[in-house]
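Enquirer: Build me a model from this:
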Amino acid sequence: MPSMARVGSAAPGAVDSASKLQQLTNLDDINRLLHETIAKERAIEAELDKQLGKRSELERNILLLNATTSEMLELARADAEQLFKSVQSTAQLADRIGSRVRCLDQQQSNVTETLDLINLILDRTHCVRGVQQAMAAQDYDTAAQHIATFLHLEQRLSPTVQGMDAGQVEEQRQLLLSAKAQLESVVAQRLDEAIAAHDHAGVLRFVKLYKPLAAPDKGVRRYIDYMRLVLGGKARELYQSLDTVLDSKPPPAAANKPGTAAATTFIDVLSALLREVAMAVEQDEQAITSTFGAAAFLDVVVGVQAECDSQGLRMLQRFVEARRVAQHVNEAQSRKRAASPAPTAATPQATTKHIEVLIQELVLLVQRSEEYSAFMAARMKDAVTAEVEQQNAAAAAAATPRGVARAGSLQRHRSSGLGYAETPRAAAGRDTSAALDPAVTALQQHLGRCEARLRSGSFAVGVRELLGHYMTLEELYLEDTTDMAIRIDEIVSGSLTSSMVDDVFFILKKCGSRALATHSIHCACAVLGQLNDLMANKFKAAVVAELAGGPGKLLAAAPALPGTADTPG
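Expert: Here you go, the predicted model:
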């Protein structure tokens, strides 16, 4: 078969096909293979026709590829110019629309600011009329509020607005300044009258008027002067009553008893003075804080404390003089330096009792003073804490979306040439978090300075001197009473210990309790150290001395054991 030989020579795969054809012997297989071959041939012809159909498109693409680059760029440039013209017309239209919208917004802002300006001018006019009517009716509170409102509106006027109608603005300003000066004169006169009449409600009323009159510092100073005047008068009355009791010269035996009037006069008088000062600060705390702020209340406390320092120190000096505290302290120090033993039991009992009464007075005086200082410090801290919490609440309210929207409206108003200027309070509200921390820090620093002045005043120094005298006398009392308890030691029937043990521990407990009652950690540590030293040395030595012959006495007093006695002969 020549055809099969050509197929086999055409390709290696054809040789396999030819070998398979030679192996076919069945007619049906030959027919089936023939039909498959015809079908495959038709598919190949169809694919060739399809590829030939793309010839024109391929030729056209080849021609396009053969075109020059300049022609392609010209086509792209034409398309780009057409697109630019279309976009430019759209942009010009959008710009015209935007300019009209901006113009409308500007006009709306101008109308709003004009309305605000009209309202501001009307409010200023209303304030002028209100001040004149209130002054005519002697309604000074209302007049002060109108003046405060006018001063606030004055800050809102921008220089541009003032230049538009300078004559009317200046006329209103002069009228209000004249009314303000007249009201300040009337308030000062009425305040002097209230102070002279000791009318506390009237004094507080006229002092509070200095805040709307833009003179809060002057009002606080006048209030402090009034409080010092009142407290000074009460202190002089207490001091005169003290002199009266001391000049009565009670018998020496009665003077040594803690329950007598002479023994408790200083405690009662100083307690009354400190109570008057504390009540004076507390009764007007709310009014001063709400009107002038926490910083002004701190100034009031410091100012009142200055009068307390003067009068309280005077009473402490009178106590030291009347009770001869310095003399007793010098004697105690002399005995300590000489290391002399305690006096005998013949005369020192009255002296020891007198020292004990003096110590109790010293402890009570120091205790009352420390309680007063702690109370005043607590009131100042509470006032500062309350104001800081109010500022934090205001900052949180300003941070709400409504506050942000309000800030955006103010920004639009500030961008225009007309309208009112932004007030300092509104400017601070734009960045509350940045302005709050410095304000709180300044208030805390002012609190620290006031507390330092409270603790370093002349009265506090006098109390610390009394505390030193107490520690010296307490040491003397502890030594004398312990020596006495050791000397008078005796066996108490029915008791497991001698009287020395009970007496010494009773003395230690009493001295320790008094030291703790002073509210001074340094004093308590010093006295407890003395107690420990006495226990470890003097008391221990006394107990060891008492027990030195104890074992021999116990053996001698023990009964004989059975079987050890001599048997009779």
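Enquirer: Can I get stretch 113-124 in CSV, CA atoms only?
Expert: Presented in CSV, the C-alpha positions along stretch 113-124 are these (Å, rounded to 0.1, in the frame of the first residue of the first chain):
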residue,chain,number,x,y,z
GLU,A,113,-24.8,89.4,63.4
THR,A,114,-26.8,92.5,62.8
LEU,A,115,-29.7,91.1,64.8
ASP,A,116,-27.3,90.2,67.6
LEU,A,117,-25.9,93.8,67.4
ILE,A,118,-29.4,95.2,67.6
ASN,A,119,-30.2,93.0,70.6
LEU,A,120,-26.9,94.0,72.2
ILE,A,121,-27.7,97.8,71.8
LEU,A,122,-31.2,97.2,73.1
ASP,A,123,-29.7,95.3,76.1
ARG,A,124,-27.3,98.1,76.8
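Enquirer: Find me the pLDDT at the residue most central in space within the chain, would you?
Expert: Central residue of the chain (CA atoms, centre = their mean): residue 385, 5.0 Å from the mean position. We note a pLDDT of 91 for residue 385 in this prediction.
Enquirer: Would you list the phi and psi of it?
Expert: phi -60, psi -40 (degrees, to the nearest 10).
Enquirer: Residue 520 now?
Expert: Main-chain dihedrals, residue 520, degrees, to the nearest 10: phi -120, psi 120.
Enquirer: Could you find the closest non-adjacent residue to it?
Expert: Nearest residue to residue 520 in three dimensions, chain neighbours excluded: residue 467, at 5.9 Å (CB to CB, 6 or more residues apart in numbering). Placement of C-beta: from N, CA and C, glycine included.
Enquirer: and if you look at residue 120?
Expert: residue 153 (5.8 Å).
Enquirer: one step back: from residue 391, how far off is the residue nearest to the centre of the chain?
Expert: Residue 385 sits 11 Å away from residue 391, going by CB to CB, to the nearest Å.
Enquirer: do residue 321 as well
Expert: On the measure of CB to CB, residue 321 and residue 391 end up 49 Å apart.
Enquirer: Residue 85 too?
Expert: Here the distance between residue 85 and residue 391 works out to 61 Å (CB to CB).
Enquirer: Those two: who's more crowded?
Expert: Between residue 85 and residue 391, counted using other CB atoms under 10 Å, residue 391 has the larger neighbour count: 17 against 10.
Enquirer: Show me what the lengthiest helix in the chain is packed up against.
Expert: Determined from DSSP state H, the single longest helix within the chain is helix 69-136. Applying 3 or more CB pairs under 8 Å, 6 or more residues apart in numbering; DSSP states H and E, one finds that helix 69-136 contacts helix 140-156, helix 166-196, helix 401-415.
Enquirer: okay if I get these as JSON lines plus distance to residue 488 and mean pLDDT?
Expert: Listed next are the helices and strands packed on helix 69-136 as JSON lines, based on distance: least, CB to CB, whole Å; pLDDT from 0 to 100:
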{"stretch": "helix 140-156", "distance to residue 488": "75", "mean pLDDT": "78"}
{"stretch": "helix 166-196", "distance to residue 488": "63", "mean pLDDT": "81"}
{"stretch": "helix 401-415", "distance to residue 488": "81", "mean pLDDT": "48"}
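Enquirer: Could you look over those and pick the most buried one?
Expert: Among the helices and strands packed on helix 69-136, helix 140-156 has the highest mean neighbour count (mean count of other CB atoms under 10 Å), at a mean of 19.
Enquirer: That one vs helix 69-136, what angle?
Expert: Angle of helix 140-156 versus helix 69-136, following axes from the mean of the first three to the mean of the last three CA atoms, to 10 degrees, is 160 degrees.
Enquirer: what separates helix 140-156 from the chain centre, distance-wise?
Expert: In terms of CA atoms, centre = their mean, to the nearest Å, the centre of helix 140-156 is set 32 Å apart from its chain centre.
Enquirer: Give me the residues contacting that helix.
Expert: With contact meaning CB atoms under 8 Å, 6 or more residues apart in numbering, helix 140-156 is reached by 120, 123-124, 127-128, 130-131, 134-135, 172-173, 176, 179-180, 183, 186-187, 190, 205-206, 209, 211-214, 420-421, 423-424.
Enquirer: number of nearby residues for residue 136?
Expert: Other residues near residue 136 number 9, with proximity taken as other CB under 10 Å.
Enquirer: repeat for residue 480
Expert: 22.
Enquirer: do the one 5 residues further on as well
Expert: Neighbour count for residue 485, taken as other CB under 10 Å: 21.
Enquirer: now swap in residue 324 and tell me
Expert: Applying other CB under 10 Å, we find 13 residues neighbouring residue 324.
Enquirer: Can you give me the distance of it to residue 354?
Expert: From residue 324 to residue 354 the distance is 10 Å (CB to CB).
Enquirer: residue contacts, residue 517?
Expert: Going by CB under 8 Å, 6+ apart, residue 517 touches 363, 367.
Enquirer: Could I get the phi/psi values of it?
Expert: Per degrees, to the nearest 10, the backbone of residue 517 is at phi -70, psi -20.
Enquirer: any idea how far it lies from residue 46?
Expert: 120 Å.
Enquirer: Quick one: low-confidence residue ranges for the stretch 1-150 of the chain.
Expert: The model of the stretch 1-150 of the chain has pLDDT under 70 over residues 1-15, 17, 65-70.
Enquirer: Recalculate using a threshold of 90.
Expert: Scanning the stretch 1-150 of the chain with the threshold set as pLDDT under 90 gives 1-37, 45-150.
Enquirer: same deal with the stretch 351-500 of the chain?
Expert: Those would be 351-356, 387-444, 475-476, 478-500, if you go by pLDDT under 90 across the stretch 351-500 of the chain.
Enquirer: redo that, cut-off 50
Expert: Along the stretch 351-500 of the chain, segments meeting pLDDT under 50 span 403-407, 409-435.
Enquirer: now the strands: where do they sit in it?
Expert: Counting by DSSP state E, counting those that start in this stretch, the stretch 351-500 of the chain has no strands to list.
Enquirer: could you pull out the helices for it?
Expert: Assignment of helices within the stretch 351-500 of the chain using DSSP state H, counting those that start in this stretch yields the ranges 401-415, 424-429, 432-455, 458-487, 499-517.
Enquirer: which stretch among those helices comes nearest residue 39?
Expert: For the helices of the stretch 351-500 of the chain, the distance to residue 39 is smallest for helix 401-415, at 78.6 Å, taking CB to CB.
Enquirer: Quick one: residues contacting the spatially closest residue to residue 364 that is not a sequence neighbour.
Expert: What sits nearest to residue 364 in space, not counting adjacent residues and going by CB to CB, 6+ apart, is residue 267, at 4.8 Å. Residues near residue 267 by CB under 8 Å, 6+ apart: 361, 364-365, 368.
Enquirer: now whichever strand or helix holds residue 267 against helix 458-487, angle please.
Expert: If you go by DSSP states H and E, residue 267 is part of helix 261-283. For helix 261-283 against helix 458-487, the angle by the same axes, to 10 degrees is 140 degrees.
Enquirer: Moving C-terminal from helix 261-283, which element do we reach first?
Expert: As assigned by DSSP H and E, the chain's next helix or strand after helix 261-283 is helix 285-292.
Enquirer: mind listing what's buried in that next one?
Expert: Residues of helix 285-292 classed as buried: 285, 288-289, 291-292 (neighbour count, 16 or more other CB atoms under 10 Å).
Enquirer: Residue 374: which of these is nearest?
Expert: residue 285 (16.3 Å).
Enquirer: quick one, what contacts the residue nearest to residue 520?
Expert: 362, 366, 518, 520, 523 are the contacts of residue 467 under CB under 8 Å, 6+ apart.
Enquirer: Can you get me a residue count around the spatially closest residue to the third one that is not a sequence neighbour?
Expert: Right, the one you point to is residue 518. Once flanking residues are discounted, residue 518 sits nearest to residue 366: 4.8 Å by CB to CB, 6+ apart. By the measure other CB under 10 Å, the count of residues near residue 366 is 22.
Enquirer: With that, I have no additional questions.
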